[in-house]
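Engineer: Pasting a predicted model and its sequence here:
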Amino acid sequence: MSYAQAEQRVHDSYLDALRAGTVTPASSLVGSLNVILLVGWLLACPSISERSLQRCRWPVFLCISYVSLWNLLYTRSPGVVGSIGIGLNSVLCVVLAVNFMLLHDPRSFKRLVLRPDERTSKTNGGADPRPNGSMKSGRDTKYLLAWEPMPETIWRRLFWILDLATSIRGVHWSWSPAASHAYDPGLGKACSNRTASIARNVSRFLIDYFLIDLIKCAMIADPYFVGYLTHRPPPHLSRYITSSSELYTYRLLLGTAGMYTAVDLIFASAVLLQVNVLGPGVLGLNASPLAFPPIWGNPSAILRKGLRGFWGESWHQFFRKHFVSVGDAVAEFLPRNNGLGSCGCRWPDNKRHNCPKQSAAREAIRVVTVFVLSGILHACASHTLLGPTNPLATFLFFALQPVGMAIQSACSQLFASSYLSRLPGPWTTMMRQGSNGVFTILWLWGTGGMFFDDMASGGMWLLDPIPVSFIRGLGLSKDDRRFWCW
């Protein structure tokens with residue numbers, strides 16, 4: 001199957017479903033009704049009484065959930081981005097509604113904004129200026145960081161709410177602080193001039209652009225990545241890949257590289273556009289380097305913490321804040337009968353969290369909840385792809401990660417109680433870090449096929465993340481020779 005045939009197959013399946021009346025286009029009003037309901041409820045929060053607010057939040061939440069489920073089942077888009085977006089939107093909108101309607105009071109939220117350093121003027125909008133962090137624009141205008149509560153005027157409140165709903169990482173928001181890293185009080189010194197980051201941001205964007213173009217060309221040459229799950233290697237690699245395990249590893253590595261580079265390119269594009277093109281004068285703090293902390297952690301976390309370090313520190317944390325907030329809420333429902341913790345020990349109410357077994361149980365519940373939510377999110381994105389998919393496989397990939405963490409933790413405890421832990425310090429550290437790295441690689445290698453096979457079958461790799469391909473346009477890819485890819 002050629003690349004053009006794979007694209008045509010996906011487009012034809014969309015048209016067939018549309019003619020049969022089993023799906024509706026994503027451009028219809030129903031496709032965005034869940035977002036409209038959520039934003040409308042947040043807009044109305046300060047204007048209605050507390051009693052009315054408590055009465056209407058559950059009905060509105062159920063309406064948002066119903067619309068999201070309807071979109072998941074019956075709304076489709078002809079493009080890969082739109083197809084994945086429907087699944088992601090359906091889940092994320094419900095998660096946002098859980099956090100902003102059921103778990104937290106959005107009227108108490110505050111966001112960090114930039115205020116001109118005018119000592120004689122009053123702060124606008126009731127913001128609380130905090131001169132412990134500051135930055136300068138390109139025109140040497142000094143700005144101070146300030147906390148801004150929910151504005152009273154409707155238009156300012158609308159932009160405030162849109163920022164809240166679209167700030168998935170929640171870097172500059174005050175809600176659920178335990179779910180993300182604390183704001184650095186010295187951040188103004190590190191990012192005093194946004195123009196200093198232009199060279200770094202442009203070079204990162206160009207490197208990612210070239211790499212994703214190269215990876216895309218390698219994917220086009222393999223029928224696996226265009227939706228045909230063959231067990232044969234691509235023709236140009238048949239001499240080098242001679243076993244099924246080698247082919248599996250090659251596709252796993254190429255898929256991981258493609259996903260990593262695509263996510264990094266999206267991040268680099270956002271930083272370049274918002275920070276270096278539009279600037280704080282247009283977007284405020286959302287256009288300052290402060291709003292874009294690194295999305296990737298240090299790979300050394302894998303050696304120190306194993307699988308937990310990979311997911312908790314090394315991999316991107318885009319949805320961490322919202323998922324951990326829900327996980328914390330679920331962990332609050334541990335059994336509590338007559339002052340008994342889940343471990344069977346008696347603790348006063350104000351000291352129950354000090355019980356080691358209780359804390360371990362709460363942490364386990366939180367981790368499982370986060371991975372279950374992540375599995376649901378990616379499984380729904382798989383479900384809305386137009387190709388043949390198996391969302392359960394994608395869900396299992398994420399749901400099995402806590403199992404791997406538990407196995408690795410048990411092995412670590414066995415190691416600590418064995419004679420190996422009594423070896424000289426450097427040898428013990430080397431063995432522990434080596435085993436962490438090997439276990440993490442083997443676990444991800446063993447479970448990753450479920451996720452990548454499902455994404456490939458559904459047609460996710462037909463996505464063109466860049467508009468212009470120089471490699472394909474110059475004729476270096478025999479399967480696709482288009483300059484313009486969109």
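Structural biologist: Cool, the structure landed.
Engineer: Who are the packing partners of the longest helix anywhere in the chain?
Structural biologist: In the chain, ranked by residue count with DSSP state H as the criterion, the top helix is helix 425-458. The contact analysis (3 or more Cβ pairs under 8 Å, 6 or more residues apart in numbering; DSSP states H and E) places helix 425-458 against helix 244-271, helix 300-305, helix 307-309, helix 356-383, helix 391-399, helix 401-416. Bear in mind the C-beta positions are built from the backbone N, C-alpha and C, glycine included.
Engineer: Chain neighbours aside, what residue packs nearest to residue 322?
Structural biologist: Nearest residue to residue 322, sequence neighbours excluded (Cβ to Cβ, 6 or more residues apart in numbering): residue 95, at 5.1 Å.
Engineer: Show me the shaky parts of the stretch 101-250 of the chain.
Structural biologist: Where the stretch 101-250 of the chain drops to pLDDT under 70, the residues are 117-143, 176-195.
Engineer: ok, which stretches of it are strands?
Structural biologist: Remark: strands assigned in the stretch 101-250 of the chain by DSSP state E, counting those that start in this stretch are 110-116, 128-136, 142-149.
Engineer: How about the shortest one, which residues are buried there?
Structural biologist: This means strand 110-116. Within strand 110-116, the residues that qualify as buried are 110, 111, 112, 113, 114, 115, counting by 16 or more other Cβ atoms under 10 Å.
Engineer: got CSV for the residues you listed, with distance to residue 440 too?
Structural biologist: Below are these laid out as CSV (distance: Cβ to Cβ, whole Å):
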residue, distance to residue 440
110, 38
111, 36
112, 35
113, 40
114, 40
115, 45
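Engineer: what's the closest of the helices and strands packed on helix 425-458 to residue 452?
Structural biologist: helix 244-271 (4.4 Å; Cβ to Cβ).
Engineer: Just the mean pLDDT for stretch 4-16, thanks.
Structural biologist: Stretch 4-16 carries an average pLDDT of 85.
Engineer: list the buried ones in that stretch?
Structural biologist: If you call a residue buried by 16+ other Cβ under 10 Å, then stretch 4-16 has these buried ones: 6, 7, 9, 10, 13, 14.
Engineer: swap in stretch 41-56?
Structural biologist: So, applying 16+ other Cβ under 10 Å, buried residues of stretch 41-56: 41, 42, 45, 53.
Engineer: just to revisit the earlier point, tabulate the helices and strands packed on helix 425-458 in TSV, adding columns for mean neighbour count.
Structural biologist: Below are the helices and strands packed on helix 425-458 laid out as TSV (neighbours: other Cβ atoms under 10 Å):
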stretch	mean neighbour count
helix 244-271	17
helix 300-305	18
helix 307-309	22
helix 356-383	20
helix 391-399	20
helix 401-416	16
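Engineer: mind putting those in a markdown table, distance to residue 283 included?
Structural biologist: Output for the helices and strands packed on helix 425-458, formatted as a markdown table (distance: least, Cβ to Cβ, whole Å):
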| stretch | distance to residue 283 |
| --- | --- |
| helix 244-271 | 11 |
| helix 300-305 | 32 |
| helix 307-309 | 34 |
| helix 356-383 | 27 |
| helix 391-399 | 33 |
| helix 401-416 | 36 |
